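> Predicted model and sequence follow; I will ask about them next.
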Amino acid sequence: MFATIILLWLCVWFIILQFKSKRPKNFPPGPPILPVLGNILNLSLENPLKDFEKLRKSYGNVYSLFIGPKPAVVINGMNVIKEALMTKANDFSGRPQDLFVNDITKRKGVILADYGPSWREHRRFALMTLRNFGLGKNSMEERIHGEIKHIINTLEKSIGKSLTPQVMFHNAASNIICQVLFGTRYEYDDEFIRVIVRCFTENAKITNGPWTMLYDSVPIVRKLPLPFTKAFKNAETCQSLANRLVTEHKKTRVPGEPRDFVDCYLDELDKRGSDGSSFSEEQLIMYALDLHFAGTDTTSNTLLTGFLYLMTNPHIQERCQQEIDKVLEGKEWVGFDDRHNMPYVQAVIHEVQRIANTVPLSVFHCTTKDTELMGYSIPKGTMIIPNLTSVLNEEGQWKFPHEFNPENFLNDQGEFVKPEAFMPFSAGPRMCLGEGLARMELFLITVTLLRKFKFIWPEDAGEPDYTPVYGVTLTPKPYYMKVQLRATQ
Ligand code: HEM
């Protein structure tokens, strides 16, 4: 009996050892790997950012982790991230193709497309179309100002009262990108926008959450009715809404006279015909959703962080307002070009982006071939996690790496300077495609609102809690704001 138990125990142990992943030769170091689970017990499933930092301290700027059986390399610090994503861009610009997010997006769209001709064509197309629709030109500014009017209306209705700005900023960011994509905006209580923003925010949280980690680590659970199924339902809802919009566009469009991104894509489809190109209607639907998703949660969470810090640092808010009043004296609207005369406001907005750390682990990359980084060998197909957090608060790169302080972006003469470690949009060929749009939105919205209103942390709101809620994007905890009209108006 005893011998049988020992034998059984040995068999089980042997089987477990067969499942234990091993680091390939000369692979970056990392914590001991457990069979089946890999290193997921090394990471808090609620918010692993502190664990990533602890591991960096133990193993250095390039270390490895196993997400279940899958190896991943975490890259930290400005020099390493630049070396990988810029100097060795061709080796490090792929995207993993076997994750929860790939299943959710049916392997279509641009954000998660692998590094290759389809991604390249679609990225080029989006950049060109955004430019044609006035990115950097007045028409995009007009669109953003059009949306700001609605934010102002919402705030004016709340003068003297407390309001929660979450939905307002989410809907505003969503509407700006909706106008580019679909040529339309939605009232803040419109069913379409409410559903789509809810689906996006829920999916952003689910995607970096514990159930997704389980989905990616243990493939046999994928078909089980676990909480991640909600993300698939949300994705289907969004796809059918986008599908409806594309169908409407097909009925009303005049070929060659595009009104928006969807029309441009349909024109491009006509031009290409069925010549085996990567453009298709299915791609268009996922692509539009990709851009909408990427442009909503990111910009709105940055704005939410900004107003949280501006309210709780009234002296910084007032200094911005003084600069804004001076530069815009006699002008009806702020233009994007006015930023060149507002070094302090520029410094504050950049500092907000640094502290907001909106996309803390970037979007995961993947090696496209066997390669090397800092003397380590990394095989083709290895998941790469660019830890942007480690750059945005890297000691030695910032005057005040761990506090909110616009001085991080000002030189001794009070001029605006942008340190190289400012990488909230990542770096290299996969760098954020909407950077130009996002920067314009952040500047025009912040300046217009600060010019018109004073934002106050309500007396009964207690101490502000700056700890963000973790997800693909970091979100400030819900808060209330009080608004007053400024006397200078
Ligand atoms: C404050 C706002 C924003 C931040 C902080 C941000 C940040 C990022 C980051 C870190 C990435 C990953 C880059 C990489 O993989 O290395 C990314 C990718 C991307 N972003 Fe943004 N983003 C913002 C706004 C926007 C907007 C407004 C749009 C819409 C036009 C957008 C569209 C995209 C797209 C399409 C990608 C994927 C690019 C590719 O894979 O080639 N983003 N963004």
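The structure has been received and is ready for your questions.

> which residues in this structure form strands?
All strands of the chain, identified by DSSP state E, fall at 62-67, 70-75, 162-163, 365-366, 371-373, 376-378, 383-386, 453-456, 481-485.

> what comes into contact with the fourth one?
Contact partners of strand 365-366, identified using C-beta atoms under 8 Å, 6 or more residues apart in numbering, comprise 84-85, 92-97, 114, 381-386, 430. (C-beta placed from N, C-alpha, C; glycine too.)

> Go through the residues you listed and say which is closest to the ligand.
Arg430 (3.9 Å; C-beta to the nearest ligand atom).

> From Thr299, how far off is the closest one?
Separation of Arg430 from Thr299 (C-beta to C-beta, to the nearest Å): 19 Å.

> And Asn132, by the same measure?
Distance of Asn132 to Thr299, computed by C-beta to C-beta: 21 Å.

> With Thr367 instead?
30 Å.

> the more surrounded of those two?
The residue with more neighbours, out of Thr367 and Thr299, is Thr299; 26 against 23, by other C-beta atoms under 10 Å.

> Verify the contact between that one and Ala438 for me.
Yes: counting by C-beta atoms under 8 Å, Thr299 touches Ala438, with 5.3 Å between them.

> which residues do these two both contact?
Between them, Thr299 and Ala438 share no contacting residue, judged by C-beta under 8 Å, 6+ apart.

> Flag every residue of the stretch 351-489 of the chain that's near the ligand.
Selection of the stretch 351-489 of the chain residues close to the ligand by C-beta under 6 Å from any ligand atom yields 358-359, 362-363, 424-426, 430-434, 437-438.

> Out of those, which comes closest to the ligand?
Once C-beta to the nearest ligand atom is applied, the member of these that ends up nearest the ligand is Gly434, at 2.1 Å.

> in terms of contact, does that closest one touch Leu291 like I think?
Yes: between Gly434 and Leu291 a contact is recorded at 7.2 Å, counting by C-beta under 8 Å.

> Neighbour count for the two, which is higher?
Leu291 (24 against 21).

> who in the protein is up against the ligand?
110-111, 123, 177, 290-291, 294-295, 298-299, 302, 358-359, 362-363, 424-426, 430-434, 437-438.

> Which among the residues you listed count as buried?
110-111, 123, 177, 290-291, 294-295, 298-299, 302, 358-359, 362-363, 424-426, 430, 432-434, 437-438 (16 or more other C-beta atoms under 10 Å).

> Show me these that map onto helices.
Among these, DSSP state H puts 123, 177, 290-291, 294-295, 298-299, 302, 437-438 in helices.

> Now render these as a markdown table, adding pLDDT.
Output for these, formatted as a markdown table (pLDDT from 0 to 100):
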| residue | pLDDT |
| --- | --- |
| Arg123 | 95 |
| Ile177 | 92 |
| Asp290 | 90 |
| Leu291 | 93 |
| Ala294 | 91 |
| Gly295 | 92 |
| Thr298 | 95 |
| Thr299 | 97 |
| Thr302 | 98 |
| Leu437 | 94 |
| Ala438 | 97 |
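
> ok, now which ones touch Asp91?
84, 367-369, 371.

> who does the closest residue to Met374 other than its chain neighbours bridge with?
Excluding its sequence neighbours, the residue lying closest to Met374 (C-beta to C-beta, 6 or more residues apart in numbering) is Val62, at 5.0 Å. On the basis of DSSP bridges, Val62 is bridged to Ile75.

> So Val62 sits against Leu373, correct?
Yes: contact criterion C-beta under 8 Å: Val62 and Leu373 qualify, at 5.8 Å.

> Between those two, point out the one with more neighbours.
Val62 (24 against 21).

> Quick one: residues contacting the nearest residue to Met168 once chain neighbours are set aside.
Sequence neighbours aside, Thr154 is the residue nearest to Met168 in space, at 5.2 Å (criterion: C-beta to C-beta, 6+ apart). Counting by C-beta under 8 Å, 6+ apart, Thr154 touches 163, 168, 188.

> Can you give me every residue that contacts the closest residue to Pro386 other than its chain neighbours?
Nearest in space to Pro386, with sequence neighbours left out and distances taken as C-beta to C-beta, 6+ apart, is Ser362 at 4.2 Å. Taking C-beta under 8 Å, 6+ apart as the criterion, Ser362 is in contact with 385-388, 426.
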